[in-house]
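**Q** got a structure for you, letters missing:
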């Protein structure tokens, strides 16, 4: 049986999260059981003149009911059209794709650093770590945005019972400043007991990468790039590696160790 | 009776006429996770050059209306690693392996073809004379004398069939087609991408770092059909049609215009299992229209 499936699924739930952010819950997707946090699905909307699929990190899934959720923010033509779809509409979903996160040692305190729409894969990672027996008090979720409205679905993260640290650039909610500042303000990174995960805008990832390298903090970052194919055959979604050469975000990534990719 | 999908090009037998196009399927490893490569008529590898190439810096692809622009810049592992790793991987599949060859000058095409001559798994070579993103290839693609010579030189060193892949970015594609035929080409692949540009009005920059790129996808299908038909009327050797094929209907159109096989390229980026769906659709079409073989369709266009 192939590892990747291409299937027709239906939107079974659509919810607006404000500021052009939406949740889609879709079913049935036959490969929910094999989804790892950090993996993505590649979605095509039927009856549009868009040629390519659009990649979305898996936000959540329910293996028993074969449901799958994503969060997306209206950004370009693809997401604008997608936002107009309603419950019952069919989508062509390919996945699960990409490598996903590696799990940290249980002795570590886990720092999850999400920026805006980078939240979903780290939510799924937190949820998965809890189900694998990690201590909720040692999972710290730093969630940053430009203002409060960007911290979409934060209540769902809080429901996990982990420690949540919101931050906003304008100070409208939580810590005023960047996610990296919120981390250094709240955590003593010098004791070597932390493991970092990050997902968000490239500027934030670059700051996290620098922070991790300067503090000798192990961790992984989830990257993003426009992906024509999503499976490594078009060579479009590349980024330069620090060690030289390029990497395909869709295939070797989207998750990389800190310091691996030249951000 | 099940219609016969098999075809033959210069003595090489294909179980069906659907191939994957060069530069859209790597060396087969990724697609093998989606379907069994033995179901393909053939696989045309990414262009191979003498030395490994990283390709152009990103961004090197851009989505356009019903198409895409790419300027990958012939990123590939180089002929040594290709033979060691990639060709070995393809050993286990029962499909025709066509190795696409590119070079900065004629001697490089010859050098790579000579190396591949000793690899029986390289059933055929396809000469990429038409990569719009690398200048050297374009010179051969535009110059009939050079194209004839290049095919002839490769034929001297490679003992199995040689396909020449033609560029649409020339004033008379039939002229180049005839030159390749005279040089001894066993088949022609028609067409490669069209030179295009996409522009970002915020930054005033082209969307590709290479400035221009090769346009592919459904947007170019009408151009490809016209070129296939033009070449079909100009040469006697078989034509493999390429350009915006997404489904079996497109394949029938290419056959009617003169193709005896096709390559699916950009379509794979949208539906990686497109070849499988195409094969099934084609079989149904032939069956319901009482064709006993797909070969009966080639060149059956009723022109006005």
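**A** Now that the structure is in, tell me what you want to look at. This one's a predicted model, so the numbers in the text were calculated from it and none came from an experiment.

**Q** need the helices for the stretch 151-263 of chain A, in chain order.
**A** Along the stretch 151-263 of chain A, the segments classed as helices by DSSP state H, counting those that start in this stretch run A:154-159, A:179-186, A:202-214.

**Q** what ranges do the strands span in the stretch 51-200 of chain A?
**A** Applying DSSP state E, counting those that start in this stretch to the stretch 51-200 of chain A gives strands spanning A:54-57, A:60-62, A:67-73, A:90-97, A:109-115, A:139-145, A:163-168, A:175-176, A:194-199.

**Q** what about residue A:64, how many residues close to it?
**A** Other residues near residue A:64 come to 8 when the count uses other CB atoms under 10 Å in any protein chain shown. In this view, the C-beta of every residue, glycine as well, is placed from N, C-alpha and C.

**Q** do the one 3 residues further on as well
**A** Residue crowding around residue A:67 was assessed by other CB under 10 Å; the count is 18.

**Q** Spit out the contact partners of the nearest residue to it once chain neighbours are set aside.
**A** Leaving aside its chain neighbours, residue A:67 sits nearest to residue A:27 (4.3 Å; criterion: CB to CB, 6 or more residues apart in numbering or on different chains). Listed by CB atoms under 8 Å, 6 or more residues apart in numbering or on different chains, the contact set of residue A:27 reads A:9, A:10, A:12, A:65, A:66, A:67, A:68.

**Q** Distance check, the last one against chain B.
**A** Distance check for residue A:68 against chain B: by CB to the nearest CB, to the nearest Å, it reads 19 Å.

**Q** Just give the number of residues close to that residue.
**A** 27.

**Q** now the second one
**A** Using other CB under 10 Å, residue A:10 is surrounded by 14 other residues.

**Q** Would you mind giving the secondary structure of residue B:168?
**A** Put simply, residue B:168 is coil when judged by DSSP: H, G, I helix; E, B strand; the rest coil.

**Q** Leaving out the residues flanking it, which one is nearest to residue A:170?
**A** Using CB to CB, 6+ apart, the nearest residue to residue A:170 is residue A:147, at 4.8 Å.

**Q** What separation is there between residue A:57 and residue A:70?
**A** Relative to residue A:70, residue A:57 is positioned 7 Å away (CB to CB, to the nearest Å).

**Q** Tabulate the strands of the stretch 51-200 of chain A (JSON lines), appending distance to residue A:206 and mean pLDDT.
**A** Output for these, formatted as JSON lines (distance: least, CB to CB, whole Å; pLDDT from 0 to 100):
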{"stretch": "strand A:54-57", "distance to residue A:206": "19", "mean pLDDT": "96"}
{"stretch": "strand A:60-62", "distance to residue A:206": "28", "mean pLDDT": "97"}
{"stretch": "strand A:67-73", "distance to residue A:206": "20", "mean pLDDT": "97"}
{"stretch": "strand A:90-97", "distance to residue A:206": "24", "mean pLDDT": "96"}
{"stretch": "strand A:109-115", "distance to residue A:206": "11", "mean pLDDT": "97"}
{"stretch": "strand A:139-145", "distance to residue A:206": "14", "mean pLDDT": "97"}
{"stretch": "strand A:163-168", "distance to residue A:206": "17", "mean pLDDT": "98"}
{"stretch": "strand A:175-176", "distance to residue A:206": "20", "mean pLDDT": "96"}
{"stretch": "strand A:194-199", "distance to residue A:206": "10", "mean pLDDT": "98"}
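
**Q** Can you lay out these as a markdown table showing distance to residue B:228?
**A** Formatted as a markdown table, the strands of the stretch 51-200 of chain A follow (distance: least, CB to CB, whole Å):
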| stretch | distance to residue B:228 |
| --- | --- |
| strand A:54-57 | 32 |
| strand A:60-62 | 45 |
| strand A:67-73 | 40 |
| strand A:90-97 | 29 |
| strand A:109-115 | 49 |
| strand A:139-145 | 53 |
| strand A:163-168 | 58 |
| strand A:175-176 | 63 |
| strand A:194-199 | 46 |
